[in-house]
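**Student:** Generate a structure from the sequence data that follows.
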Amino acid sequence: MSAAVVQQTTHPPTARNVAVRCLGLSKIYGEGENQVPALRGIDLEIYTGELLMLVGPSGCGKTTLISVIAGILDRSDGECVTLDHDYARMSVAARTAWRGRYIGFVFQSFNLIPALTAAENVAIPLLIQGKPRNQAIRQAAAMLDRVGLGNKIAARPSQLSGGQQQRVAIARALVHGPSLVVCDEPTSALDATTGKKVMELLREVALDGERCLVVVTHDTRIFSFADRIAHMSDGRLEDITSGSQHPIF
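**Tutor:** This next block holds a predicted model:
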């Protein structure tokens with residue numbers, strides 16, 4: 001069954017506004033004989049109010065796809081419109097500023113700055129936007145409280161567990177109110193219990209009808225948290241299924 005047919009028969013969330021639309025999306029690395037196709041004609045719509053997971057074997061194009069969607073990588077061919085914006089029509093400076101305002105990133109390795117406190121790490125997106133430091137720190141502290149770390153505001157990453165560091169990373173991704181949150185293997189370094197708590201938090205975030213989440217993962221334990229699961233193989237979108245078909249927890 002083609003991806004297009006699957007998308008028609010797999011129901012998206014109730015909020016049907018399209019946040020991301022990819023059509024014939026391709027990405028090629030290298031030139032000439034050294035060309036390596038990473039994405040091969042991806043057709044995909046991602047909706048506001050949903051948590052979409054991208055799954056598939058290593059090297060199948062998952063991280064490349066979210067990097068194009070988030071404006072980190074340029075596409076080679078096809079179309080990709082994210083939150084009504086086409087990066088190909090934006091200057092590098094405009095793209096960087098827009099991405100910093102509307103997209104949040106959660107990385108597998110947390111990417112916290114060791115010398116900064118939890119609140120200072122979370123405040124970084126706000127400071128980049130030019131908010132006064134005191135205001136940014138207050139807003140960061142409020143977000144840390146929301147993710148259950150209100151008592152760790154002054155702690156540095158070395159004083160936090162892996163799960164706590166991931167929650168700091170999630171708070172940093174959410175503090176500026178992004179419309180799209182992109183997560184790359186957010187639970188792979190966590191035990192089952194901590195991973196479940198992290199996904200419960202992301203699931204709560206996804207319920208905001210004005211926001212959508214895209215999660216790249218190999219972790220079958222968390223499939224049940226997805227609204228839809230997009231299965232990739234060799235740079236292609238092979239199938240889309242419902243997260244409810246994978247009752248892991």
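
**Student:** which residues sit in contact with residue 155?
**Tutor:** 117, 118, 164 (C-beta atoms under 8 Å, 6 or more residues apart in numbering). Every C-beta, even on glycine, is put in place using the N, C-alpha and C of the backbone.

**Student:** hmm, try it at 7 Å
**Tutor:** Residues counted as contacts of residue 155 (C-beta atoms under 7 Å, 6 or more residues apart in numbering) are 117, 118.

**Student:** three-state assignment of it?
**Tutor:** coil (DSSP: H, G, I helix; E, B strand; the rest coil).

**Student:** if I look at it, how far off is residue 119?
**Tutor:** 9 Å (C-beta to C-beta, to the nearest Å).

**Student:** tell me, what's touching those two both at once?
**Tutor:** Contacts common to residue 155 and residue 119, judged by C-beta under 7 Å, 6+ apart, are absent.

**Student:** Check what pLDDT residue 190 gets.
**Tutor:** If you check residue 190, the pLDDT there is 82.

**Student:** Which helix or which strand is home to it?
**Tutor:** Counting by DSSP states H and E, there is no helix or strand that carries residue 190.

**Student:** what's the burial count for it?
**Tutor:** Neighbour count for residue 190, taken as other C-beta atoms under 10 Å: 23.

**Student:** For it, give me phi and psi.
**Tutor:** Residue 190 has phi and psi values of phi -110, psi 150 when expressed as degrees, to the nearest 10.

**Student:** Look at the nearest residue to residue 56 once chain neighbours are set aside and tell me its secondary structure.
**Tutor:** Leaving aside its sequence neighbours, residue 56 sits nearest to residue 232 (C-beta to C-beta, 6 or more residues apart in numbering; 3.7 Å). With three-state DSSP as the basis, residue 232 sits in strand.

**Student:** residues in contact with residue 232?
**Tutor:** Applying C-beta under 7 Å, 6+ apart, the residues near residue 232 are 54, 56, 60, 61, 62, 238.

**Student:** so where's the chain uncertain?
**Tutor:** Along the chain, the parts satisfying pLDDT under 70 run over 1-16, 244-249.

**Student:** Which stretches in it count as helices?
**Tutor:** 3-9, 62-69, 92-102, 118-128, 133-146, 162-174, 192-206 (DSSP state H).
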